[in-house]
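Undergrad: Let me see the structure of the following:
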Amino acid sequence: MPRIRARRTAVTDPEVVAVSSELFAPVSADVELCYQTYGDPDAEPLLLVMGLGAPMTWWDPALCTLLARQGFYVIRYDNRDAARSSSGTARITRSMLIRAFLGRKADAPYAIADLAEDAFGLLDHLGIDSAHVVGVSMGGMIVQSMAIAEGRNSGASRVRSLVSIMSTTGRRTAGWQDPRILPMLLGPRATTKEGYVAAARTMGGLIGSPGYPEPEAASRARAEETFERGINAAGTMRQMMAVLTQPDRGRALGSVRVPAAVIHGMDDRMVHPSGGRATAQAIPGAHLLLIPGMGHDLPVPLHETFVDVIRRTADKAQG
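TA: Residues are numbered from 1 along each chain as shown. Predicted structure coming up:
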């Protein structure tokens, strides 16, 4: 498949990173993903996968720019049922979520593996045979599933390297949530901009990084942008069902043979650090970085650290 080049800003200064407009990729008969790219299309492809209910814009443009300057062609996108990507129609009730949370039988509209197939579909659309993959939270589950799928493939792998950030293997005894978070996850969603901003800032106070507190202006600006790009409360519940019904990938991760790294905050209340430890233990040769003071977010002061780990892990694939 020929590479599809995105519309890009004109760049004459080599220090300036080209950024595409937001574009759309049909990845299956009923799913279209909104995506954006940073950097040179001929550089090493790097796919960034965001977490539960979160838009691609939560990958800070400054972080994407740093990665592009490290030799990556950076691709960020909205998962299905988030922001500007396709939205499903299945209705998920809170009682269904509670049953799934308790480990009882529950049917999900799709699985984490299906979200991994969406990601491969985006690479297909861009004409990219293989890429480095980085995922946050639910995105970590997605990129783990991508690597597992390729580990079972006897042909050339489409995953060059893997970095899983503040995620877990799906094992119920690892990566659990702080009970204080559950009422907000299962409670009613705000329908107004100010209501959403207030709820987002409350959640940020619960799960953010105590060692790297985010300035109020920055958290408000991100919440406002998120609301304006589109909130999909029903879609978040469908994604949550995929998370709650996921299998334990621990044994399957043993088949992963690409360079891997795991990053986790020691103060993560959304996914306990045991999730990061379990992930690193399951993947042969994975490097584990536990960061004191980091919660369930990507603090600006840690951007250089994230870039360093991603670059060094990718370099192992080159070797």
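Undergrad: how long is stretch 188-196 end to end?
TA: Start to finish, the residues bounding stretch 188-196 are 11 Å apart (Cα to Cα, to the nearest Å).
Undergrad: An error on my part: the question was meant for stretch 227-234.
TA: Distance between the boundary residues of stretch 227-234 (Cα to Cα) amounts to 14 Å.
Undergrad: now stretch 177-196
TA: 22 Å.
Undergrad: quick thing: my sequence starts at 9, can you match it?
TA: With the count now opening at 9, the last piece we talked about shows up as stretch 185-204.
Undergrad: centre of the chain versus that stretch, how much separation?
TA: Using Cα atoms, centre = their mean, to the nearest Å, the mean C-alpha position of stretch 185-204 is found 20 Å from that of the whole chain.
Undergrad: hmm, who's touching that stretch?
TA: When contacts are defined by Cβ atoms under 8 Å, 6 or more residues apart in numbering, stretch 185-204 is touched by residues 102, 105-106, 109, 206-207, 210-211, 214-215, 231-232, 234-236, 239, 241, 244, 248, 277-280. (C-beta placed from N, C-alpha, C; glycine too.)
Undergrad: I'd say Y46 and S29 touch.
TA: No. Between Y46 and S29 there is no contact, the gap being 11.9 Å when judged by Cβ atoms under 8 Å.
Undergrad: which stretches of the chain form helices?
TA: Here the chain has its helices, by DSSP state H, at 69-77, 102-109, 120-133, 146-159, 190-194, 201-215, 224-237, 241-252, 281-290, 311-326.
Undergrad: Low-confidence ranges, the stretch 109-258 of the chain, go.
TA: Within the stretch 109-258 of the chain, the set of residues satisfying pLDDT under 70 comprises 159-164.
Undergrad: what about 50?
TA: Confidence mapping of the stretch 109-258 of the chain against pLDDT under 50 gives the ranges 162.
Undergrad: For Y46 and S29, indicate the residue with more neighbours.
TA: Set Y46 next to S29 and count neighbours by other Cβ atoms under 10 Å: Y46 wins out with 26 against 10.
Undergrad: and the more buried one, bridged to which residues?
TA: Per DSSP bridges, residues listed as beta-bridge partners of Y46: V27, V82.
Undergrad: ok, it - contacts?
TA: V25, A26, V27, S28, P69, C72, T73, L75, A76, Y81, V82, R84.
Undergrad: how many neighbours does the spatially closest residue to R77 that is not a sequence neighbour have?
TA: Distances taken as Cβ to Cβ, 6 or more residues apart in numbering put V25 closest to R77, at 6.4 Å, once the chain neighbours are dropped. Using other Cβ under 10 Å, the number of residues around V25 comes to 20.
Undergrad: so V25 touches P69, yeah?
TA: No. With contact taken as Cβ under 8 Å, V25 and P69 are classed as non-touching, separated by 9.3 Å.
Undergrad: what sits against the closest residue to L56 other than its chain neighbours?
TA: The spatial neighbour of L56 that comes closest, neighbours along the chain excluded (Cβ to Cβ, 6+ apart), is R84 at 4.5 Å. Contacts of R84 were listed using Cβ under 8 Å, 6+ apart, and they are Y43, Q44, T45, Y46, L56, M58, M64, T65, W67, C72.
Undergrad: Strands - which of the residues you listed land there?
TA: Filtering those for membership in strands, criterion DSSP state E, returns Y43, Q44, T45, Y46, L56.
Undergrad: The third one touches V27, doesn't it?
TA: The reference is to T45. Yes. Checked against Cβ under 8 Å, the pair T45 and V27 is within contact range at 7.4 Å.
Undergrad: more crowded one of the two?
TA: For T45 versus V27, the count of surrounding residues by other Cβ under 10 Å is larger for T45: 26 against 18.
Undergrad: burial measure for the residue nearest to the more buried one when sequence neighbours are not counted, as a count.
TA: Sequence neighbours aside, S28 is the residue nearest to T45 in space, at 4.4 Å (criterion: Cβ to Cβ, 6+ apart). With neighbours defined by other Cβ under 10 Å, the count for S28 comes to 17.
Undergrad: how many neighbours does I173 have?
TA: Using other Cβ under 10 Å, the number of residues around I173 comes to 28.
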